[in-house]
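# My questions are about this predicted structure, shown below with the sequence.
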Amino acid sequence: MLRAGRLPIRRRGLRLELPGLEAGEARQIADRILAFKGECGCDVGGWFAYPVVAGVLGWAVIDPPGGGVPLIQRLGLSLGAVLLAAVIGKGIGITRALRGMRHEIDLVAERLGEHPTDLRAVTE
């Protein structure tokens, strides 16, 4: 189990215990790991949605409403495209955060000579 001597690191209901590390070093590592815990993927989802919104606005300029596609279909397609892009981006952001967290945990486990599955976090 990861422990930091007598100084457990606590953030938002999760405490990481990092054995064999000094308190300052343990806090830095715990902060990096816990930063990934708080990642929801919204920033990547937003970045994926921005170009789609620009495309929707470009479509409205190039082919004004009342042209080929009825307005209600245009609105539905536009909203669906923006939401789909945001959800895909959010999924990528969450996956990236989980991989980053796993990588940090593996580095700590390797340094401490423990198998990553032996490491535990205590929820409070």
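Cool, got the structure.
# so Ile29 is in which element?
Using DSSP states H and E, Ile29 sits within helix 23-37.
# Could I get the contacting residues of Gly58?
Gly58 makes contact with no residue under the criterion Cβ atoms under 8 Å, 6 or more residues apart in numbering. Placement of C-beta: from N, CA and C, glycine included.
# Please work out the average pLDDT along the helix ranked longest in the chain.
Identified as the longest helix of the chain according to DSSP state H is helix 71-112. For helix 71-112, mean pLDDT rounds to 90.
# on that earlier part again, ok, and for the helix holding Ile29, which residues are buried?
The neighbour-count check on helix 23-37 (16 or more other Cβ atoms under 10 Å) flags Ala26, Arg27, Ile29, Ala30, Ile33, Leu34, Phe36 as buried.
# export those to JSON lines and tack on pLDDT?
JSON lines is the format used below for the buried residues of helix 23-37 (pLDDT from 0 to 100):
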{"residue": "Ala26", "pLDDT": "80"}
{"residue": "Arg27", "pLDDT": "81"}
{"residue": "Ile29", "pLDDT": "82"}
{"residue": "Ala30", "pLDDT": "81"}
{"residue": "Ile33", "pLDDT": "82"}
{"residue": "Leu34", "pLDDT": "80"}
{"residue": "Phe36", "pLDDT": "82"}
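# And the furthest pair within these?
Ala26 and Phe36 (16.4 Å; Cβ to Cβ).
# Identify the bridge partners of Leu16.
Per DSSP bridges, the residues bridged to Leu16 are Ile9, Ala121.
# Check what pLDDT it gets.
For Leu16, the model assigns a pLDDT of 70.
# Then Asp43?
Per-residue pLDDT puts Asp43 at 89.
# give me phi/psi at Asp63?
Backbone geometry at Asp63, expressed as degrees, to the nearest 10, gives phi -130, psi 80.
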